[in-house]
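In: Below: sequence and its predicted model.
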Amino acid sequence: MLTLSVFLATLLYAVLGIVIFIVSFVLVDKLTPGELWREIIERKNMAVALLAGAVAIGISNIIAAAVHG
């Protein structure tokens, strides 16, 4: 049964996970040479897009495992 405390805890973990994801993805963007979004959008670099997607999936898996316990 979904109670208010369970709902608020779920919402808190979701927001926390999204914030951690954004911060870590920005950090990866800063640590890689060049600008990821310029390479993906303007130059249509498929390799960089695949790298960014793989990083996003990896970060998401780590956050999900950490939140799940």
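Out: Arrived safely, thanks for sending. Numbers count the residues shown, from 1 in each chain.
In: In terms of pLDDT, where does Ile63 sit?
Out: If you check Ile63, the pLDDT there is 90.
In: no no, Ala66
Out: On pLDDT, Ala66 comes in at 87.
In: Next: Val26.
Out: Here, the pLDDT recorded for Val26 equals 92.
In: what packs against the one helix or strand it maps to?
Out: Element membership for Val26 (DSSP states H and E) is helix 4-31. The helices and strands touching helix 4-31, judged by 3 or more Cβ pairs under 8 Å, 6 or more residues apart in numbering; DSSP states H and E, are helix 46-68. No exception for glycine: its C-beta is placed from N, CA and C like everyone else's.
In: Buried ones in the helix it packs on, by neighbour count?
Out: Neighbour-count burial for helix 46-68 flags 48, 51-52, 55, 59-60, 63 (criterion: 16 or more other Cβ atoms under 10 Å).
In: the inter-axis angle of the helix holding Val26 versus helix 46-68?
Out: On the basis of axes from the mean of the first three to the mean of the last three Cα atoms, to 10 degrees, helix 4-31 is oriented at 150 degrees to helix 46-68.
In: What residue in the chain is the furthest from its centre?
Out: No residue in the chain sits farther from the centre than Met1, which is 29.5 Å out by Cα atoms, centre = their mean.
In: what's near enough to touch it?
Out: When contacts are counted by Cβ atoms under 8 Å, 6 or more residues apart in numbering, Met1 touches no other residue.
In: Good, wrapping up.
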